[in-house]
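**Q** Give the three-dimensional model of this entry:
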Amino acid sequence: MKDMLNPECPECPGLDRRDFVRTLAVGGAALAAGGAVLSPRTMLAGERGPMPRVVNTVAEELVKELFAGLDAEQKKAIVKPWDHPARKTVNPNKALDKKIGAVLTKPQQELVERIVKAMASDDKGWNQVSRAGTWDASKSFDQTGADIFGDPSKGKFAFLFTGHHLTMRCDADSEEGAAFGGPIYYGHTPNGYHPSNVFANQTQQVAKAYDALDEKQRAKATVKTGNPGEGANSVKLKKDGARPGIAMAELSKDQQELVELTMKSLLSPYRQQDGAEVVAVIKAMGGLAKVHLAFYDEAHEGTKTNEKQPWSFWRLEGPGFVWNFRVLPHVHTYVNISSKIG
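**A** All right, here's what the predicted structure looks like:
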């Protein structure tokens, strides 16, 4: 079994935070789960409480429908035991196993499309997830993979959707404490600063936070040597210890708001309940004040940084939280968020 997060990429040379809740709300709605709404004071102070339980939603119900319609051969091809090691993988560049075009009927493929659309926030989120309908190098939806772990009809289950530069999942909160149900990944082949990259808005937003830092803050936020890399080690969760960059607690209110807007942009492609889970994990692990923002200006894979393209990576990291964004030479973003560490 390969690493949980495999960094290989065919295009790469040689390898490839009352407002914070609104800010993080997917689609502009307040993030609430289990009747609990998280305020900025709560987030920054790190007040703790129980993790909210997320009930089954549209995507999960559609997964049950898909599972119920599979015949024996189809189940053999795409259904795996709950404890199968592949459930926790991120598969960066292709379908995890079988391509849906080779296993599922057209109506079943359409059902998978409905599942993935239900996992996205809205039309804009769908555009980003699908890379403007191209599925990036996959070029066609039927080249993606859809795998089910466990039995959706009677117990824990997870749905894993994979393709080129994409891993998404839903699991009816079967994986306790994990936002998104486990690690996710997204990317797009164009340069991460270029408007043609569907995730360029995320780097454009974090650039506003960077520009708002004073000289001393910027020096602390910028990592001059090396980069966080990619793969399992790049998003390994830590509860304690030193973290790169500058902590949110060291920023002014206005600067914090800019980072919060960045987090909103990161979460915006995904459904509301996933954003709520992210906020809940940050709260459970001590609050937003412990999240650090870091920028890496070292050249990466032969692509040089410059005044207009100042970083090869940027990153948000806190206890149980890593959002690792590679900008150059194109976008690779590995995400791992969970209150369960170790």
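**Q** Quick one: low-confidence residue ranges for the protein.
**A** 1-56, 342 (pLDDT under 70).
**Q** Run through the helices of it in chain order.
**A** For the chain, applying DSSP state H gives helices covering 20-24, 40-45, 58-68, 72-78, 100-103, 106-119, 123-129, 200-211, 215-221, 253-267, 272-284.
**Q** now the ones you listed as JSON lines including mean neighbour count and distance to Pro319?
**A** Quick note: C-beta positions are derived from backbone N, CA and C, even for glycine. What follows is the helices of the chain, written out as JSON lines (neighbours: other Cβ atoms under 10 Å; distance: least, Cβ to Cβ, whole Å):
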{"stretch": "helix 20-24", "mean neighbour count": "22", "distance to Pro319": "17"}
{"stretch": "helix 40-45", "mean neighbour count": "18", "distance to Pro319": "13"}
{"stretch": "helix 58-68", "mean neighbour count": "19", "distance to Pro319": "28"}
{"stretch": "helix 72-78", "mean neighbour count": "14", "distance to Pro319": "35"}
{"stretch": "helix 100-103", "mean neighbour count": "18", "distance to Pro319": "37"}
{"stretch": "helix 106-119", "mean neighbour count": "17", "distance to Pro319": "26"}
{"stretch": "helix 123-129", "mean neighbour count": "16", "distance to Pro319": "27"}
{"stretch": "helix 200-211", "mean neighbour count": "18", "distance to Pro319": "20"}
{"stretch": "helix 215-221", "mean neighbour count": "14", "distance to Pro319": "19"}
{"stretch": "helix 253-267", "mean neighbour count": "20", "distance to Pro319": "16"}
{"stretch": "helix 272-284", "mean neighbour count": "24", "distance to Pro319": "8"}
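**Q** Compare those and give me the one nearest Gly150.
**A** helix 58-68 (9.5 Å; Cβ to Cβ).
**Q** Helix 272-284 and that closest one, what's the angle between them?
**A** For helix 58-68 against helix 272-284, the angle by axes from the mean of the first three to the mean of the last three Cα atoms, to 10 degrees is 120 degrees.
**Q** Please identify which of the helices of the chain is closest to Arg169.
**A** Closest among the helices of the chain, using Cβ to Cβ: helix 106-119, at 8.1 Å.
**Q** Show me what the closest one is packed against.
**A** Other elements packing on helix 106-119 under the criterion 3 or more Cβ pairs under 8 Å, 6 or more residues apart in numbering; DSSP states H and E are helix 58-68, helix 100-103, helix 123-129, strand 157-163, strand 166-170.
**Q** Output the second one as CSV, restricted to C-alpha atoms.
**A** Which is helix 100-103. Only the C-alpha atoms of helix 100-103 are listed here, as CSV (Å, rounded to 0.1, in the frame of the first residue of the first chain):
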residue,chain,number,x,y,z
ILE,A,100,-17.1,4.4,-13.2
GLY,A,101,-17.4,4.3,-17.0
ALA,A,102,-16.2,0.7,-16.8
VAL,A,103,-18.4,-0.4,-14.0
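**Q** Who are the packing partners of that helix?
**A** Helix 100-103 packs on helix 72-78, helix 106-119, going by 3+ Cβ pairs under 8 Å, 6+ apart.
**Q** rerun at 6 Å
**A** helix 72-78 (3 or more Cβ pairs under 6 Å, 6 or more residues apart in numbering; DSSP states H and E).
**Q** From the chain's centroid, how far away is the helix it packs on?
**A** 28 Å (Cα atoms, centre = their mean, to the nearest Å).
**Q** Show me what it is packed against.
**A** helix 100-103.
**Q** So what touches the helix it packs on?
**A** If you take Cβ atoms under 6 Å, 6 or more residues apart in numbering as the criterion, helix 100-103 is touched by Gln74, Ala77, Ile78, Gln109, Val112, Asp142, Thr144, Ala146.
**Q** Which pair of those residues spans the longest distance?
**A** Using Cβ to Cβ, the contacts of helix 100-103 reach their maximum pairwise distance at Gln74 and Thr144, which is 15.6 Å.
**Q** among the helices and strands packed on helix 106-119, which is nearest Gln202?
**A** Closest approach to Gln202 among the helices and strands packed on helix 106-119 (Cβ to Cβ): helix 123-129, 9.2 Å.
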